[in-house]
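Asks: Quick one, fold the following:
(one chain, ligands or ions: 1)
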Amino acid sequence: MSVTIILKDLVVDIAGRRLVDGVSLELAPGTSTALVGASGAGKSLTCAAVAGTLAPDARANGILAREDAPDRNLLALPAQRRPADARIALVQQDPATALHPLVPVIDQVALAAAGTSRGLGRRSATARALELIVAVGLDADLAERVPGRLSGGQRQRAALAVALASDPAVLLTDEPTTALDVLARAEVLTVLTEVLASLGDSAPALLLVTHDLPAAAGCDRVVVMHEGRVIEHGDALTVLTAPEHPVTRAMCAAAREETLAGARAAIEARRTFTARADADCAVRAFGDAPTPVREGVR
Ligand SMILES: Nc1ncnc2c1ncn2[C@@H]1O[C@H](COP(=O)(O)OP(=O)(O)OP(=O)(O)O)[C@@H](O)[C@H]1O
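Replies: Numbers count the residues shown, from 1 in each chain. Presented below is the predicted three-dimensional model:
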């Protein structure tokens, strides 16, 4: 059974500087939250505090607890010292960090499945691993491959399968798509949402740290950070289409501009390409005689 994880009044100080100041999140099973904000806003530090992967020189205060065990504060414990039933998993930005390059994917997923509180035996863990490999959209034939022989997008899916195998209550992903091209990026986000939807009642909460507002739009809720604090939060549609805080408004306007500039560049590239293709056709058909490229045929 999945459980809600509560983060309350998180503060992170490093070398005397307050870098995260009073961040609270409620991560309920089956819900997705995007943590957005400009570079340096404190998103990754917040994510690392929840994951238990803060650098040793960081001091974190606040409460991180399962809703059903509010007195057991997990914040001070690094990931490797947290109890197995804390169930907080991180999908690394770079899947190479999460995966052993020379161990077949199925063995790595099975190992994570065997380590859960479900206490799966070897055969059940392997069966569960195969189920998850297929669920994240990897072809079953790839299960025996080592990560070094997979594409970037496939490695991301394998890393997601490893994270899900630990049966998490919360799945954290810090910029999971940064290293990918546009197509692989859309694919990973689709897989994330589809897989979580397919897990039904046992779906974890998703916390997606991202710069990418279109990716954030796919989540249920958006939390906007600026200079270490939460400046706005709410359901994704409201925050992204009717932002209230000036910083959120500027961020949304910049994303719109970026999208429009990208669309303009794509249209321009297509125009040039079509004009060239027309000219090539004309040369092929009529030799070198100058043939005007027809306007308006696009
Ligand atoms: N180990 C560290 N030591 C000192 N300062 C740090 C450390 N890690 C992060 N910071 C600082 O804390 C602030 C928040 O960093 P954080 O990585 O959380 O930002 P972010 O919102 O995730 O940015 P980005 O989107 O660029 O990853 C930044 O000013 C950063 O320089």
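
Asks: The longest helix belonging to the chain close to the ligand?
Replies: Secondary structure assigned by DSSP state H gives helix 246-286 as the longest helix of the chain. No - Helix 246-286 stays out of contact with the ligand when judged by Cβ under 6 Å from any ligand atom, the minimum separation being 11.9 Å. From N, CA and C alone the C-beta is placed, and that goes for glycine too.

Asks: pLDDT (mean, whole number) over that helix?
Replies: Throughout helix 246-286, pLDDT has a mean value of 79.

Asks: Now do the strands in the chain.
Replies: Taking DSSP state E to define them, one finds strands in the chain at 5-14, 17-27, 32-36, 58-66, 88-91, 170-174, 205-209, 221-226, 229-235.

Asks: In JSON lines, list the ones you listed along with distance to the ligand.
Replies: As requested, these are arranged in JSON lines below (distance: least, Cβ to the nearest ligand atom, whole Å):
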{"stretch": "strand 5-14", "distance to the ligand": "4"}
{"stretch": "strand 17-27", "distance to the ligand": "4"}
{"stretch": "strand 32-36", "distance to the ligand": "8"}
{"stretch": "strand 58-66", "distance to the ligand": "6"}
{"stretch": "strand 88-91", "distance to the ligand": "14"}
{"stretch": "strand 170-174", "distance to the ligand": "7"}
{"stretch": "strand 205-209", "distance to the ligand": "7"}
{"stretch": "strand 221-226", "distance to the ligand": "6"}
{"stretch": "strand 229-235", "distance to the ligand": "12"}
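
Asks: got TSV for these, with mean neighbour count too?
Replies: Conversion of those to TSV gives the following (neighbours: other Cβ atoms under 10 Å):
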stretch	mean neighbour count
strand 5-14	18
strand 17-27	18
strand 32-36	26
strand 58-66	18
strand 88-91	23
strand 170-174	25
strand 205-209	26
strand 221-226	24
strand 229-235	17
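
Asks: These: which one's closest to residue 133?
Replies: Nearest to residue 133, of all the strands of the chain, is strand 88-91, at 14.9 Å by Cβ to Cβ.

Asks: Can you give the strand pairings for the closest one, parallel or anti for each?
Replies: strand 170-174 (parallel) (DSSP bridges).

Asks: Let me see the contact set for residue 113.
Replies: Under the criterion of Cβ atoms under 8 Å, 6 or more residues apart in numbering, the neighbours of residue 113 are 120, 124-125, 128-129, 132, 165-167.

Asks: what do you get for residue 111?
Replies: Applying Cβ under 8 Å, 6+ apart, we find residue 111 in contact with residue 125.

Asks: picking that back up, from the contacts of residue 113, which single one is nearest residue 20?
Replies: Proximity of these to residue 20 (Cβ to Cβ) peaks at residue 166, which lies at 25.4 Å.

Asks: Lovely, talk soon.
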